[in-house]
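Novice: Mind folding the following:
(one chain, ligands or ions: 1)
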Amino acid sequence: MLFETIYQIIQSLFIFGSSLCLAAYPAVSILLSKLPKVPVILIFAHLFLLAPISSFCLPTLVVFDQAPAAAVSKPAAAASKTTVGPAVKGLDQLKISNANSAGNSDSNASRPQSQQGLSSTPGTGTATPTDSGTPLVKTKRRIDVAAEYAKHQRDRDTINLVVVGHVDAGKSTLMGHLLYALGQVNERTMRKFERDAEKIGKGSFAYAWVLDETEEERSRGVTMDVATSSFATKNRKFTLLDSPGHRDFVPNMISGASRADVAVLVVDASTGEFESGFDGNGQTREHAILIRSLGVRQLVVAVNKLDCVDWSQGRYADILDRLLAFLTGCGYLREDVRFVPVSGLKGTNLVRRIDDNGDSAAPDELRSWYVDETDATQGKPRAGPCLVDLLDTFTMPERPVSKAFRLAVTDFFRGGTFGSSNSVSVSGRIAQGHVQVGERVVVVPGGATGVVRSIDVDYVSEEWAVAGDSVVLMIQEVDMQQFSIGSVVCAGPPAKPIAAVQRFEAQLVVFDPQVPITNGFPALMHIQSLNVPVVVHKIIETLDQRTGEVVKRRPRHIRKGATARVEIRSETPVCLEVFKESKELGRVMLRKNGETIAAGIVTQLFSK
Ligand SMILES: Nc1nc2c(ncn2[C@@H]2O[C@H](COP(=O)(O)OP(=O)(O)OP(=O)(O)O)[C@@H](O)[C@H]2O)c(=O)[nH]1
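Specialist: Sure thing, here's the model as predicted:
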C-alpha cells in the first residue's frame with residue numbers, strides 16, 4: 001500500500017511537471033528566441049524525456065485503480081481478451097481452460113465462464129489433474145449429451161439386431177444376401193466372392209462370405225464368431241450381429257446376443273432340417289430361450305430354404321404353429337413375434353414384396369398363398385410383407401441414457417487410431433448412460449482410471465455416445481493389464497462405479513439339465529461376454545413361476561422348468577448390478593457341459 005501511494009505521488013509530480021512544461025512551452029520558446037545563447041536543446045530534451053514517462057505512468061495508474069476481485073468476476077469473454085500478466089489472480093485459470101480447448105478456443109472464449117468448464121467436476125472439460133497433479137485432459141467443451149441425444153435421437157438411433165438359429169439354417173447367407181440387395185456390398189466384391197467360393201468348392205456359400213470373413217470360417221463353411229455389420233431400412237438403422245449356430249460356439253453367440261435389442265431367428269424349412277434344429281438338443285430352441293433370457297422381446301422368424309420344399313404353404317404353416325406354441329411358452333408375446341417365408345440363397349422376399357412392383361422372379365407357389373391379410377379385406381389382396389418390411393417396424397427400445405455410464409468390455413487391444421502406446425481401445429455396447437471425449441472413466445474390477453481420447457460409434461468417429469451404441473473407446477493413461485473381457489468401464493468420480501462381487505443372489509429359471517441342480521452345483525456363468533466358473537452355493541427356495549410365491553424352502557434340488565432363488569459364488573470378482581437397477585447388467589446365464597441349464601436375474605449383491 002505504501003509503495004503504491006509513493007508511486008502515485010511521483011507519477012502525479014511527473015505529470016504535473018510535464019503539463020507545466022507543455023503549457024509554458026510557447027512563451028518560453030519566444031523568450032528563448034530573443035536570447036540565442038540559451039541552450040534551447042536542453043529544454044527540448046527535458047520535454048522529450050517527460051512525455052514518455054507520463055505516457056507510461058497513465059495506464060499503470062488505471063490498472064491499480066481496479067481491484068483484483070473485479071477482474072476475476074468479469075465475464076470470460078472480456079477476460080480472455082485482456083493481456084494482463086499472471087499476477088492478476090483468476091485469469092491464469094482461464095488461460096488453462098482456453099488452452100485445453102484447442103481448436104475450440106474461439107467458440108469457448110465467447111461463452112460465459114460458467115460454461116467454459118471451470119467447474120471442479122472431474123472429466124468435464126477442465127484441466128483435470130492426473131495422479132501426479134499435472135493437467136491431463138485436453139478436452140473440447142463439455143457437451144450436454146442428454147440434450148444432444150434428445151435433439152438427434154431419431155436420426156442416430158440404431159437397433160442392435162442379432163441373427164440366431166441352428167447350425168446351417170442359412171443365417172449368414174440370408175443376411176449376406178440382404179446386405180447385397182440393400183447395396184451394402186458392391187457388384188465387384190460379390191462377383192469375387194462367387195468366384196473364390198466356387199474355386200474351393202463352396203459356391204453356395206458366396207453370400208455367407210459377406211459376413212464370414214475369416215479363412216477358417218470360409219473353408220469350413222461355418223460361422224465361428226459374431227460378425228458385425230450395419231444397414232438401414234426406410235425408418236430404422238441397424239447394427240447387425242450375425243452369430244454362430246454351431247453348439248461349440250454358443251458362448252460367442254451369447255456374447256453377440258447380450259448386445260442385441262431384437263432378433264431374427266432363422267429356421268431351415270427343408271425336410272428333416274427344421275426338426276433337427278427344433279427337437280432334442282437343436283439350437284433353434286436353445287437360441288430362442290437364450291435371447292429371451294437376455295432381454296430380447298421382439299422377434300422375426302425367417303422361415304428359410306422354403307425353395308427346398310417348393311414353397312409349400314403346408315410346411316410353412318406347420319413350422320409356424322409349432323414355433324409359435326414354443327415361443328409363447330418361453331415368454332414371447334404373440335404380437336411381438338412375426339413370421340416371414342424366405343429364401344436367403346435366391347433372395348426371395350428379402351427386400352421387396354413379391355407382388356407386381358416387386359420381385360418378378362418370385363415363385364408362383366408363394367404368390368398363391370402369401371398375401372397380406374389386411375389388404376385382402378379391402379378386396380385387393382397384395383403380397384405379404386418382406387423381411388425388410390418387418391425389420392422396419394421393430395419398435396425402438398428405450399435407452400437408459402440418464403443412468404451412470406457403463407460399458408461391458410467385449411474386446412480390447414493396445415493403442416488405437418492415434419497409435420498411442422499408453423492407451424487401450426475397448427469395444428462393447430454401452431449398457432447405460434453416456435460418455436464423451438475427454439471424460440474420466442473407471443475400469444472395474446480394479447478401479448484404474450483413464451480418460452476417453454476418442455469414440456467410434458459403428459466405425460464413425462464421434463464426440464459422444466449413449467446407451468445402446470456399439471462403440472470402440474480409446475482410453476488413455478491406463479494400462480492394458482487393467483482390462484479383461486467382462487470388465488465394465490464406468491463413469492468416473494463422483495459417480496458410483498458398478499460393484500464387483502463374488503457372492504450374489506439370483507432368481508433362476510431352470511431349463512433341462514442332464515443332472516439336477518443341487519447345493520454346490522458347479523457351472524459356467526455367462527454375463528455379457530464374460531464366462532466365469534461359479535457354484536450354486538445354496539438353493540434358498542423354489543417359487544411359483546406365475547405368482548412368485550414360495551413353493552418350497554431349502555429344497556434339495558431344482559426340478560426341470562422350476563423357478564428358484566439361489567445364492568451363487570464365483571471364483572473371481574464379477575461386475576454385476578441388481579436387475580431392477582439395470583436390465584442389461586443384471587442378467588446371468590448358467591451352462592454346463594456345453595448346454596444352457598438356467599437363466600435368471602440378479603436380485604441381491606453381497607460385498608463379502
Ligand atoms: N436352397 C437353399 N439353400 C440355402 C438357403 N440359405 C442358405 N442355404 C445354404 O445353406 C448352407 C448354410 O448356409 P449358411 O448361411 O452358412 O448357414 P448359417 O446358418 O450361417 O451357418 P452357421 O452360422 O455356421 O450356423 C449354405 O450351403 C447355403 O447356400 C436357401 O434359402 N435355400
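Novice: contacting residues for Leu299?
Specialist: Val262, Ala263, Val264, Leu265, Ala288, Ile291, Leu327, Tyr332, Asp336, Val337, Arg338 (Cβ atoms under 8 Å, 6 or more residues apart in numbering). No exception for glycine: its C-beta is placed from N, CA and C like everyone else's.
Novice: And it, which helix or strand is it part of?
Specialist: Applying DSSP states H and E as the criterion places Leu299 in strand 298-304.
Novice: Each with direction, which strands does that strand pair with?
Specialist: When pairing is defined by DSSP bridges, strand 298-304 lines up against strand 262-268 (parallel), strand 337-341 (parallel).
Novice: what element comes up after the last one heading to the C-terminus?
Specialist: Along the chain past strand 337-341, the next helix or strand (assigned with DSSP H and E) turns out to be helix 364-369.
Novice: Go ahead and name everything in contact with that following helix.
Specialist: Leu306, Asp310, Trp311, Ser312, Gln313, Pro341, Thr348, Asn349, Ile354, Asp355, Ala383.
Novice: Just give me the neighbour total for Glu571.
Specialist: 11 (other Cβ atoms under 10 Å).
Novice: Now do the contacts for it.
Specialist: Applying Cβ under 8 Å, 6+ apart, we find Glu571 in contact with Gln502, Val532, Pro533, Val534.
Novice: By neighbour count, which of the contacts of Leu299 wins?
Specialist: Most neighbours among those, by other Cβ under 10 Å: Ala263, with 28 neighbours.
Novice: Tyr370 contacts Ala383, doesn't it?
Specialist: Yes: at 6.1 Å, Tyr370 and Ala383 qualify as touching, with contact defined as Cβ atoms under 8 Å.
Novice: who touches both of those two?
Specialist: Contacts common to Tyr370 and Ala383, judged by Cβ under 8 Å, 6+ apart, are Ile354.
Novice: Any part of the strand holding Leu299 near the ligand?
Specialist: Yes: judged by Cβ under 6 Å from any ligand atom, strand 298-304 comes into contact with the ligand through Asn304.
Novice: Flag every buried residue along that strand.
Specialist: The neighbour-count criterion (16 or more other Cβ atoms under 10 Å) identifies Gln298, Leu299, Val300, Val301, Ala302, Val303, Asn304 as the buried residues of strand 298-304.
Novice: residues in contact with Val551?
Specialist: Val551 neighbours (Cβ under 8 Å, 6+ apart): Glu541, Thr542, Leu543, Asp544, Ala562.
Novice: Would you mind extracting the C-alpha trace of the strand or helix carrying it into CSV?
Specialist: Using DSSP H and E, Val551 falls within strand 550-553. Listed next in CSV are the C-alpha coordinates belonging to strand 550-553 (Å, rounded to 0.1, in the frame of the first residue of the first chain):
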residue,chain,number,x,y,z
VAL,A,550,-42.6,-69.6,-2.3
VAL,A,551,-43.3,-73.3,-3.1
LYS,A,552,-40.6,-74.9,-1.0
ARG,A,553,-37.8,-73.5,1.3
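Novice: residues making contact with the helix or strand just after that strand?
Specialist: Going down the chain from strand 550-553, the next helix or strand is strand 557-558, by DSSP H and E. Applying Cβ under 8 Å, 6+ apart, the contact partners of strand 557-558 are Leu508, Val510, Pro516, Ile517, Thr518, Ile539, Thr542, Ala564, Val566, Ala598.
Novice: Name the nearest of these relative to Ser470.
Specialist: Nearest to Ser470, judged by Cβ to Cβ, of those is Ala598 at 27.7 Å.
Novice: Which strand residues bridge that closest one?
Specialist: With DSSP bridges as the rule, Ala598 is bridged to Val510, Leu590.
Novice: How many residues are close by it?
Specialist: 27.
Novice: hang on, the earlier thing: can you say which of the contacts of Glu571 are buried?
Specialist: Among those, the ones that count as buried (16+ other Cβ under 10 Å) are Gln502, Val532, Val534.
Novice: and these, which of them are in helices?
Specialist: Assigned to helices by DSSP state H, none of the buried ones among the contacts of Glu571 qualify.
Novice: which residue packs closest to whichever residue of the stretch 451-600 of the chain sits closest to the ligand, ignoring adjacent ones?
Specialist: Closest residue of the stretch 451-600 of the chain to the ligand, Cβ to the nearest ligand atom: Gly594 (15.4 Å). In space, and not counting its chain neighbours, Gly594 is closest to Arg247: 6.1 Å by Cβ to Cβ, 6 or more residues apart in numbering.
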